[in-house]
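Novice: Give me coordinates for this.
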Amino acid sequence: MTAYAIAKLYNGTPHAEVVEYIERIPATFEPYGGRFLVHGTTHEVKEGDWSGPVVMIGFPGIAEARAWWDSPAYQEISPLRSRHLDGDIILVEGVPADYDPAATAKAMLEAMPAD
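Specialist: Below is the predicted model of the structure:
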């Protein structure tokens, strides 16, 4: 099942190390089947605080996403970003193609205490 690394970045200023990070990051996720899905694009905030860049990398599965994050190649370049940009970063597993949100709603309803 597809998995994603999603980052919301903020409090950053342009810096040569960030440029180097951007240049080097694709080589770190390619061995794990990763690819940019969102990077350097404009986003439209509908709710909450989503100021700053949003980045999304897709992976074939959560194991590959975790392996990428923990890889020596990514850990080597991570400080190039984190020294200059704060961020909230998550790894999240997607849902299958046949996902039925009605089943999730039903399970939530059944778990709620009776009035």
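Novice: Longest helix in this protein, by number of residues?
Specialist: helix 16-29 (DSSP state H).
Novice: next SSE after that helix?
Specialist: For helix 16-29, the following helix or strand on the C-terminal side (DSSP states H and E) is strand 35-38.
Novice: Please compute how far that next one lies from its chain's middle.
Specialist: Mean C-alpha position of strand 35-38 versus that of the full chain (Cα atoms, centre = their mean, to the nearest Å) differs by 9 Å.
Novice: can I get the CA coordinates of it in PDB?
Specialist: Extracted as PDB, the C-alpha positions of strand 35-38 are listed here (Å, rounded to 0.1, in the frame of the first residue of the first chain):
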ATOM      1  CA  ARG A  35       9.400  10.300  -5.800                       C
ATOM      2  CA  PHE A  36       8.300  13.900  -5.300                       C
ATOM      3  CA  LEU A  37       4.500  14.300  -5.500                       C
ATOM      4  CA  VAL A  38       4.500  17.900  -4.200                       C
END
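Novice: any idea how far residue 102 lies from residue 108?
Specialist: Here the distance between residue 102 and residue 108 works out to 11 Å (Cβ to Cβ, to the nearest Å). Just so you know, the C-beta spots here come from the backbone N, C-alpha and C atoms, and that holds for glycine as well.
Novice: Thanks a lot, see you next time.
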